[in-house]
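Student: just coords:
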């Protein structure tokens, strides 16, 4: 009887512990304001005063510019700190320090970021994003795929999209008509766009009209190897390092602030096929990591052409 009683008490204790843990949610807050004394203290006080617990804080203050950047992760009980009150508290904090940016996100309570993916003929980045989304490794909802190339109904991409109810929009482009107005109509309710090897240049008018972030991926061979078949050019030149770069899209081609970069060594043992496969794998990994970092509020603009990535 003593053993049974102890076991019962243990199970009750576990249930009580699990119940208390389940009350807490994970919050993320990013902050950008003029650097003054006491910012971290006030951030900590804001969270602690509502019964929250800080899990980690990353802070950056550049040497040549008195600007404070931070990203905090914290646990909180929504019964004690409701989502709307949490938002209001951080807004007050932003006003107190004249913050340029004060954003809070609760992944388990807030809607997922809604994105549209633009792609051209190559499938590798689109397929990778779709599978990561399906497996729950990419914290977004994909509203549609937009392409300037047709895909046959029985292809892997089209079967996947049909199975999951994701629309595919084919918009044929020409030098004088990039179909940008139609694209804008398809993406107006998205939070940001992803260019998954979309081989069209978006105009400044499009970027201004959309008004939200656009994330792009390109091979790390730029600017050394431009034009057609850059992988073939690099392979023929005998390069020893290849890479991929994910960045924000601006009016200046492939010159937006960098979010993520990855490199891999190649050698004389690689043939053209293995060379291209390594390059495409880097592009997939680099793009998905950039999207994940962006959704986790790890990316902040820094100066004109840089980013802080916590």
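Tutor: Cool, the structure landed. Because the structure is a prediction, the values reported are computed rather than measured.

Student: can you pull out the low-pLDDT segments for this protein?
Tutor: For the chain, the stretches flagged by pLDDT under 70 are 1-22, 222-223.

Student: which stretches of it form helices?
Tutor: Remark: helices assigned in the chain by DSSP state H are 2-22, 39-48, 83-96, 124-134, 156-164, 180-187, 204-210, 230-237, 272-295.

Student: would you turn these into a markdown table with distance to residue 258 and mean neighbour count?
Tutor: C-beta: built from backbone N, CA, C; applies to glycine. Listed next are the helices of the chain as a markdown table, based on distance: least, Cβ to Cβ, whole Å; neighbours: other Cβ atoms under 10 Å:
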| stretch | distance to residue 258 | mean neighbour count |
| --- | --- | --- |
| helix 2-22 | 38 | 9 |
| helix 39-48 | 27 | 16 |
| helix 83-96 | 27 | 15 |
| helix 124-134 | 17 | 20 |
| helix 156-164 | 28 | 14 |
| helix 180-187 | 23 | 16 |
| helix 204-210 | 17 | 14 |
| helix 230-237 | 18 | 16 |
| helix 272-295 | 9 | 20 |
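
Student: closest to residue 66 out of these?
Tutor: Of all these, helix 39-48 sits nearest to residue 66, with 11.4 Å by Cβ to Cβ.

Student: so the closest one versus helix 83-96, what angle?
Tutor: Angle of helix 39-48 versus helix 83-96, following axes from the mean of the first three to the mean of the last three Cα atoms, to 10 degrees, is 160 degrees.

Student: helix 39-48 - contacts with which helices or strands?
Tutor: Under the contact definition 3 or more Cβ pairs under 8 Å, 6 or more residues apart in numbering; DSSP states H and E, helix 39-48 sits against strand 25-34, strand 53-60, strand 67-76, helix 83-96.

Student: now render these as TSV, adding distance to residue 244.
Tutor: Listed next are the helices and strands packed on helix 39-48 as TSV, based on distance: least, Cβ to Cβ, whole Å:
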stretch	distance to residue 244
strand 25-34	25
strand 53-60	25
strand 67-76	24
helix 83-96	35
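
Student: reformat the helices of the chain as JSON lines; add distance to residue 310.
Tutor: Below are these laid out as JSON lines (distance: least, Cβ to Cβ, whole Å):
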{"stretch": "helix 2-22", "distance to residue 310": "26"}
{"stretch": "helix 39-48", "distance to residue 310": "14"}
{"stretch": "helix 83-96", "distance to residue 310": "17"}
{"stretch": "helix 124-134", "distance to residue 310": "21"}
{"stretch": "helix 156-164", "distance to residue 310": "32"}
{"stretch": "helix 180-187", "distance to residue 310": "27"}
{"stretch": "helix 204-210", "distance to residue 310": "25"}
{"stretch": "helix 230-237", "distance to residue 310": "32"}
{"stretch": "helix 272-295", "distance to residue 310": "8"}
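
Student: tell me which of these lies nearest to residue 57.
Tutor: Ranking the helices of the chain by proximity to residue 57 (Cβ to Cβ) places helix 39-48 first, at 7.1 Å.

Student: isn't residue 278 up against residue 242?
Tutor: Yes: between residue 278 and residue 242 a contact is recorded at 6.2 Å, counting by Cβ atoms under 8 Å.

Student: now residue 69. Nearest residue, chain neighbours left out?
Tutor: residue 60 (4.4 Å; Cβ to Cβ, 6 or more residues apart in numbering).

Student: contact partners for that neighbour?
Tutor: Neighbouring residues of residue 60 by Cβ atoms under 8 Å, 6 or more residues apart in numbering: 69-70, 308, 310.

Student: same check, this time on residue 25
Tutor: When contacts are taken as Cβ under 8 Å, 6+ apart, residue 25 is in contact with 75-78, 106, 108-109.

Student: repeat that with 10 Å
Tutor: Neighbour list for residue 25: 52, 74-78, 81, 83, 86, 106-109 [criterion: Cβ atoms under 10 Å, 6 or more residues apart in numbering].

Student: so the closest residue to residue 115 other than its chain neighbours bridges to which residues?
Tutor: The shortest distance from residue 115 to any residue other than its chain neighbours is 4.9 Å, reached at residue 140 (Cβ to Cβ, 6+ apart). Beta-bridge partners of residue 140, counted by DSSP bridges, are residue 113.

Student: run a quick neighbour tally on the closest residue to residue 303 other than its chain neighbours.
Tutor: Closest residue to residue 303 in three dimensions, ignoring its sequence neighbours and counting by Cβ to Cβ, 6+ apart: residue 65, at 7.5 Å. In terms of burial, residue 65 registers 10 neighbours under the definition other Cβ atoms under 10 Å.

Student: so who does residue 65 touch?
Tutor: Taking Cβ under 10 Å, 6+ apart as the definition of contact, the neighbours of residue 65 are 34-35, 302-303.
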